[in-house]
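Peer 1: Fold the following for me, if possible:
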Amino acid sequence: AALEGRRGAVVAMAPWTGEILALVSAPSFDPNLFALGMTSQQYGELQNDLDRPLFNRALRGAYPPGSTIKPMLALAALETGATDLTRRSFCRGFFMLPNSTHRYRDWKPEGHGSMNLNDAITQSCDVYFYEISGDIGINNMHDYLGRFGLGQRAGIDIGGEHAGLVPSTEWKRTAFRNRDDQRWYDGETVIAPIGQGYMLATPLQLAGAAAALATRGTRYKPHLVAAVEDGVSGQRRMIQPQRLPDVEIRNATHWDAALDGMHNVMQGARGTARAVGMGAPYQMAGKSGKAQVISIAQEDDYDEEEIEERQRDPAQFIAIAPFDEPRISVAMIVENGSSGSSFAAPIAKAVMDHHLGYGADSAQ
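Peer 2: Predicted coordinates:
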């Protein structure tokens, strides 16, 4: 209901068990039509619908994750020594590699000014992550994001899951083996920490990554089935939570850094989604994201009002709540929603409100 007819997906998970609380792809269709039989015209209408109701976005929708991966890469940067909690960078609205005139632009044209890591997560400063990208390195990004389950199937008990993609130098050599140029370029590393370039993730994968952040590294295999019952004997076998490899982080304080930044995103004075989280009856954490879907020339400005609706940026958000004792992780995307904080965050909060008993239909 929170999607309100938009094209998108929502996945909600119980962080400490892997139980899927919600898995929604919108728009959807009536599966009874397949059981009862449908005309070729009815099937043709579903198959040719521009909104793709037959496509399960929650499992198969592989999208650039945008800035939703910044908390995970903040951990990678701290663990590899690419940054620390005291390092500050000055964001003037763009970043340039040495001996290059190309400007890698921040989402905020005028820049954020002086930023530390907490500020960079809270305000989603792209320039800070551009600057440390080379010190992290694409192969370390591949390693750490893989620890959170990105770039691989989660193994959910339903078919059709997309594996997503987290690139590495070896991946490019293999994927581009029939091309003359298989080199990995510095510019490809620069844009990786903001979830662009070759990077792809599904809403299910991002919900699992958010759950791993919530538990500080303890991971569970996502599952839809609660129990299997024998139709003859009535004997019921409950499905037990299945552990996945933990996210191993050497310094526990690094978890604090990533999670505090996410907390500030929703309930800090300068958080990008503070309008959604401030005043809420419980503490929460989140991270917005969007990825540019069309190329914009260096000299041009992005004006979404002048861009056809289906070419606007997708809006993504991950969230966990309550902050201190997480009971739900959420990941979602609104296709062509443009802003994760404005379009996706309110939907994620509505899902958390409902699960925690603060929804509009709750007695609380």
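Peer 1: Near Gly111, how many residues? Count them for me, please.
Peer 2: As a burial measure, Gly111 scores 16 neighbours (other CB atoms under 10 Å). Quick note: C-beta positions are derived from backbone N, CA and C, even for glycine.
Peer 1: wait, Thr68
Peer 2: 31.
Peer 1: go on, Gln283?
Peer 2: 15.
Peer 1: Need the per-residue pLDDT for the closest residue in space to it that isn't next to it in sequence.
Peer 2: Among residues not flanking Gln283 along the chain, Phe323 sits closest, at 3.7 Å (CB to CB, 6 or more residues apart in numbering). Confidence at Phe323, expressed as pLDDT, is 97.
Peer 1: how close does Phe323 get to Val11?
Peer 2: Phe323 is 20 Å from Val11, where distance means CB to CB, to the nearest Å.
Peer 1: Comparing these two, which residue is more hemmed in?
Peer 2: Counted by other CB under 10 Å, Phe323 and Val11 do not tie: Val11 has more neighbours, with 30 against 20.
Peer 1: Which residue, other than its chain neighbours, is closest to the more buried one?
Peer 2: Ala207 (4.0 Å).
Peer 1: Do a quick rundown of the helices in the stretch 1-150 of the chain.
Peer 2: 32-36, 40-48, 57-60, 70-80, 117-122, 126-136, 138-147 (DSSP state H, counting those that start in this stretch).
Peer 1: As TSV, these with distance to Ala269 and mean pLDDT would be great.
Peer 2: Shown next, in TSV, are the helices of the stretch 1-150 of the chain (distance: least, CB to CB, whole Å; pLDDT from 0 to 100):
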stretch	distance to Ala269	mean pLDDT
helix 32-36	50	78
helix 40-48	47	80
helix 57-60	34	95
helix 70-80	19	98
helix 117-122	9	98
helix 126-136	18	98
helix 138-147	29	98
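Peer 1: so where's the stretch 251-364 of the chain shaky on pLDDT?
Peer 2: 291-312, 337-341, 360-364 (pLDDT under 70).
Peer 1: rewinding a little: and Trp107, which of the helices of the stretch 1-150 of the chain is closest to it?
Peer 2: Closest approach to Trp107 among the helices of the stretch 1-150 of the chain (CB to CB): helix 126-136, 6.0 Å.
Peer 1: hmm, who's touching that closest one?
Peer 2: Contact partners of helix 126-136, identified using CB atoms under 8 Å, 6 or more residues apart in numbering, comprise 67, 70, 73, 76-77, 80-83, 89, 91-95, 104-107, 111-112, 115, 117, 119-120, 186, 189-194.
Peer 1: Any figure for the gap between the residue nearest to Gln283 and Arg237?
Peer 2: 35 Å.
Peer 1: So the residue nearest to Gln283, which state does it fall into?
Peer 2: coil (DSSP: H, G, I helix; E, B strand; the rest coil).
Peer 1: circling back: now the contacts of helix 126-136: which count as buried?
Peer 2: Among the contacts of helix 126-136, the ones that count as buried by 16 or more other CB atoms under 10 Å are 67, 70, 73, 76-77, 80, 82-83, 89, 91, 93-95, 104-107, 111-112, 115, 117, 119-120, 189-194.
Peer 1: show me what contacts Ala163?
Peer 2: Here Ala163 is in contact with Gly151, Gln152, Arg153 (criterion: CB under 8 Å, 6+ apart).
Peer 1: of all those, which comes closest to Ser342?
Peer 2: Closest approach to Ser342 among the contacts of Ala163 (CB to CB): Gly151, at 28.4 Å.
Peer 1: Is it correct that the closest one falls within a strand?
Peer 2: No - Gly151: not assigned to a strand; according to three-state DSSP it is coil.
Peer 1: Count the neighbours of it for me.
Peer 2: What Gly151 shows, counting by other CB under 10 Å, is a neighbour count of 19.
Peer 1: Just the pLDDT at it, thanks.
Peer 2: 97.
Peer 1: Okay, it and Ser124: tell me how far apart.
Peer 2: Distance from Gly151 to Ser124, by CB to CB: 22 Å.
Peer 1: Asp51 now?
Peer 2: From Asp51 to Ser124 the distance is 29 Å (CB to CB).
Peer 1: cool, Ile138 as well?
Peer 2: For Ile138, the distance to Ser124 - CB to CB - is 21 Å.
Peer 1: cool, Leu117 as well?
Peer 2: Counting by CB to CB, the gap from Leu117 to Ser124 is 12 Å.
Peer 1: before we move on, what about Pro15?
Peer 2: 23 Å.
Peer 1: next one: Ala226
Peer 2: 37 Å.
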